[in-house]
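Trainee: heads up, no residue letters with this:
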């Protein structure tokens, strides 16, 4: 499974997910992401749309992993502790314009059986890039209602 395929199984994709931790095993070419994933109905009621559930995403056959540095353009709070918020995700080759670390020459060298996927981190205004051959998900704990900065509100709703 690719990260794009996994994302399609989630109600809102990786939108408004939070990366809690990551570990890289270079010897085994694996990455483990611990995330709080938004699993609520994006069009549902306030009580439903902000449901989250923790998960481990194990990525194998890692070709490369890279994190763009935070954007210097705005005063982003990249040095405070806590989870980081992923607001979008896309196949790396479809990112409009250049990223800070990935160019087409690198993407051309990725094996045919691998994917390249990027997660946009709003805390940094930059991307995390992963190229690998497979990923799996393991759910942790139960679904919980989330209240905090990643919460969704629509026009006319009380905040």
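Mentor: Happy to help now that I have it. All values reported here derive from a predicted model rather than from experimental measurement.
Trainee: For residue 38, give me its contacts.
Mentor: 10, 11, 12, 15, 16, 17, 50, 51, 52, 146, 150 (C-beta atoms under 8 Å, 6 or more residues apart in numbering). (Each C-beta comes from the backbone N, C-alpha and C, glycine too.)
Trainee: So among those residues, where is pLDDT lowest?
Mentor: On pLDDT alone, residue 150 ranks lowest of those, at 65.
Trainee: Can you read off the backbone torsions of residue 55?
Mentor: Here is the backbone geometry of residue 55 (degrees, to the nearest 10): phi -150, psi 160.
Trainee: and it, how many neighbours does it have?
Mentor: Residue 55: 19 surrounding residues under other C-beta atoms under 10 Å.
Trainee: For it, which residues count as its bridge partners?
Mentor: residue 35, residue 139 (DSSP bridges).
Trainee: my guess is it meets residue 139, correct?
Mentor: Yes - between residue 55 and residue 139 there is a contact at 5.2 Å, judged by C-beta atoms under 8 Å.
Trainee: quick one on the thing from earlier: top of the contacts of residue 38 by number of neighbours, please.
Mentor: The residue in these with the most neighbours, by other C-beta under 10 Å, is residue 17 (28 neighbours).
Trainee: Identify the bridge partners of that residue.
Mentor: residue 86.
Trainee: who's in contact with it?
Mentor: Going by C-beta under 8 Å, 6+ apart, residue 17 touches 35, 36, 37, 38, 85, 86.
Trainee: can you pull the pLDDT of the first one?
Mentor: Reading off the per-residue confidence, residue 35 sits at a pLDDT of 96.
Trainee: Test my guess that it contacts residue 16.
Mentor: No - with contact defined as C-beta under 8 Å, residue 35 does not reach residue 16; the gap is 10.9 Å.
Trainee: anything in contact with each of the two?
Mentor: Here residue 35 and residue 16 have residue 86 as joint contacts, going by C-beta under 8 Å, 6+ apart.
Trainee: Give me the most central residue, the protein.
Mentor: Among the residues of the chain, the one closest to the centroid is residue 119, at 4.3 Å (C-alpha atoms, centre = their mean).
Trainee: check which helix or strand covers it.
Mentor: In this structure, residue 119 sits in strand 115-121 according to DSSP states H and E.
Trainee: Which strands and helices lie in contact with the following helix or strand past that strand?
Mentor: The C-terminal neighbour of strand 115-121 among helices and strands, as given by DSSP H and E, is strand 126-132. Secondary-structure packing of strand 126-132 (3 or more C-beta pairs under 8 Å, 6 or more residues apart in numbering; DSSP states H and E): strand 51-60, strand 64-67, strand 115-121.
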